[in-house]
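In: Compute the structure for the input listed below.
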Amino acid sequence: MTVTVRPNRALHRLLGRSSPSGRLPWVLLAVACLTMFTMSASGTTRAPFLIDMARDLSVSVALVANLIAINSISWGITSMLAGAGSDRWGRRPFLVGGPLALMFTTVGVATADSFLSVAVWVTLAGACCGMFSGVIFAEVSARVAPNQQGRALGWAMSGQSLTLLVGVPLAAWVGAWIGWRGVNICVAALALITAIGLFAVTARPIGSVSATATRIPSIRTALSRPVLRLLGMGIAERVCYGLIAVYYATFLQWTYGLSLGMVALPLAIFALGNIIGTVLGGQLADRLPDRLAIFGSAMLASGVAALALFGWPSDVPTSVALGFCYVFFNAIARPSMMASLGDVPEHVRGTVMGLNSTANSIGWLGAAALGGTMIGSFGFAGFGPLTAGVAVIGAALALIRRH
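Out: Residues are numbered from 1 along each chain as shown. Okay, here's the model as predicted:
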């Protein structure tokens, strides 16, 4: 595999993909985007309710925040297994079954009456998300040419950004009336809708089981040195993203005394930066000659923004502007890495993308654990150096000896 943006056209012809000038599968991308929105919403929309959930379940805020870590563990384990399974048995069972199962587990979260039961249902919900997340990126990669992967994967990933732009602010606003339990019921309804949509758009799947499927895929086969390096970059990027995605609303509430309803607009502006960065990052990944340089430069810029965001809490407008800058640079980095991961042989693509989702879960786990520890020890003042340090590690993996 190659780790630069130059498409491997010989591999492209061998795999029988559509022409590089072919149109993007917009219907699939739209459904994938909505499903990623729902999967992300099943966990991210808890961010504005950390204080309310802690009060309702009679536990600490830090313990409720650790639900993100619990969710990430099961998500990561299932992603690895589902990715390998999709290479062997096809992708459609995972693409449809994941959202359908998520509907039932999210209802379980909404009706749970103790922290322990919430934790169990959150664990199962994470497993359902893991069934889908890596497999959909493998399916999208199989349907587009190498020089379109940055844009196609960027659009699919934008569902996570839309969770921040629409989902979290809307959850904060609606949650003021129906509470965090009612928000989970809404997520369950969305999961059912996406399961139906995926059942329709994958009626004639392509690339689900390749001609090389007789070669049983293995994790060892998929973990080449370039893939390991890209997965390490992904972990660093997800830690940086998770630190602010999980704790940004709490940072604004604790630092400036904002109410739950007042954080909706700052969260929307924050998410807008994520969407713009993701779209721009996809364009850059397909047009510039070195994807790793794009990733490394964007991570360094996000580290500088993190130092300013958490080290200079002067007023709300300044913090909102710095939050926009931080997530904008962070979002630029991700499509380049994902497009590079997509340039692997068809018979291990599901496995590689599943491992990427596992790496993402490790990043979310690290973000939740490091963030909770940092709050308990130093408060939000320690978030700047922590986030900047992780960003430098990710940039170093991308920029040092990248060829």
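In: Gly90 and Ala82, how far apart?
Out: Distance, Gly90 to Ala82, using C-beta to C-beta, to the nearest Å: 11 Å. Where C-beta positions appear, they are placed from N, C-alpha and C, glycine not excepted.
In: same check, this time on Thr318
Out: Noted for Thr318: a distance of 43 Å to Ala82, by C-beta to C-beta.
In: With neighbour numbers in mind, choose between these two.
Out: Set Thr318 next to Ala82 and count neighbours by other C-beta atoms under 10 Å: Ala82 wins out with 30 against 13.
In: low-scoring pLDDT stretches of the stretch 51-200 of the chain, where are they?
Out: 164 (pLDDT under 70).
In: Show me where it has its helices.
Out: Counting by DSSP state H, counting those that start in this stretch, one finds helices in the stretch 51-200 of the chain at the ranges 61-65, 67-89, 92-111, 115-143, 149-162, 168-201.
In: now for the longest one, which elements pack on it?
Out: So that's helix 168-201. helix 26-44, helix 50-57, helix 92-111, helix 264-287 (3 or more C-beta pairs under 8 Å, 6 or more residues apart in numbering; DSSP states H and E).
In: Tabulate those helices (TSV), appending distance to Leu230 and mean neighbour count.
Out: What follows is those, written out as TSV (distance: least, C-beta to C-beta, whole Å; neighbours: other C-beta atoms under 10 Å):
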stretch	distance to Leu230	mean neighbour count
helix 26-44	20	23
helix 50-57	32	18
helix 92-111	22	22
helix 264-287	13	22
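In: Adding distance to Gly296, write these out as TSV.
Out: As requested, these are arranged in TSV below (distance: least, C-beta to C-beta, whole Å):
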stretch	distance to Gly296
helix 26-44	25
helix 50-57	33
helix 92-111	33
helix 264-287	13
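In: The residue lying closest to Met53 once chain neighbours are set aside: neighbouring residues, count only.
Out: Leaving aside its sequence neighbours, Met53 sits nearest to Val64 (C-beta to C-beta, 6 or more residues apart in numbering; 4.8 Å). When neighbours are defined as other C-beta under 10 Å, Val64 has 24 of them.
In: Going by residue numbers, what spans are helices in the stretch 201-350 of the chain?
Out: Defined through DSSP H, counting those that start in this stretch, the helices belonging to the stretch 201-350 of the chain, from first to last, are 219-222, 225-256, 264-287, 291-311, 316-341, 346-377.
In: Could you work out which of these reaches nearest to Ile178?
Out: For those, the distance to Ile178 is smallest for helix 264-287, at 14.9 Å, taking C-beta to C-beta.
In: can you pull the contacts of the residue nearest the centre of the chain?
Out: Centre of the chain computed as the mean C-alpha position; nearest residue by C-alpha atoms, centre = their mean is Gln160, 5.9 Å away. If you count contacts by C-beta atoms under 8 Å, 6 or more residues apart in numbering, Gln160 has them with 36-37, 40, 44, 274.
In: And these, which is closest to Ile375?
Out: For the contacts of Gln160, the minimum distance to Ile375 (C-beta to C-beta) is 18.2 Å, reached by Thr44.
In: Rounded mean pLDDT for stretch 224-242, please.
Out: Averaged across stretch 224-242, the pLDDT comes to 88.
In: Determine how far that stretch lies from the middle of the whole chain.
Out: Mean-position distance between stretch 224-242 and its chain equals 12 Å (C-alpha atoms, centre = their mean, to the nearest Å).
In: So which bits of that stretch are buried?
Out: Residues of stretch 224-242 classed as buried by neighbour count (16 or more other C-beta atoms under 10 Å): 226-227, 229-242.
In: and these, which two are the farthest apart?
Out: Taking C-beta to C-beta as the measure, these reach their widest spread between Pro226 and Gly242, a distance of 24.3 Å.
In: re earlier: out of the helices and strands packed on helix 168-201, which comes closest to Val344?
Out: Ranking the helices and strands packed on helix 168-201 by proximity to Val344 (C-beta to C-beta) places helix 264-287 first, at 15.7 Å.
In: from the chain's centre, how far out does the closest one sit?
Out: Relative to its parent chain, helix 264-287 has a centroid offset of 13 Å by C-alpha atoms, centre = their mean.
In: Could you name the helices and strands sitting against it?
Out: helix 149-162, helix 168-201, helix 225-256, helix 291-311, helix 316-341.
In: For the ones you listed, could you give me CSV that also reports distance to Val348?
Out: Listed next are the helices and strands packed on helix 264-287 as CSV, based on distance: least, C-beta to C-beta, whole Å:
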stretch, distance to Val348
helix 149-162, 16
helix 168-201, 23
helix 225-256, 9
helix 291-311, 20
helix 316-341, 11
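In: so which of these gets nearest Met103?
Out: For these, proximity to Met103 was assessed by C-beta to C-beta; helix 168-201 is nearest, at 4.0 Å.
In: quick one, the closest one and helix 149-162 angle?
Out: Between the axes of helix 168-201 and helix 149-162, defined by axes from the mean of the first three to the mean of the last three C-alpha atoms, to 10 degrees, the angle is 130 degrees.
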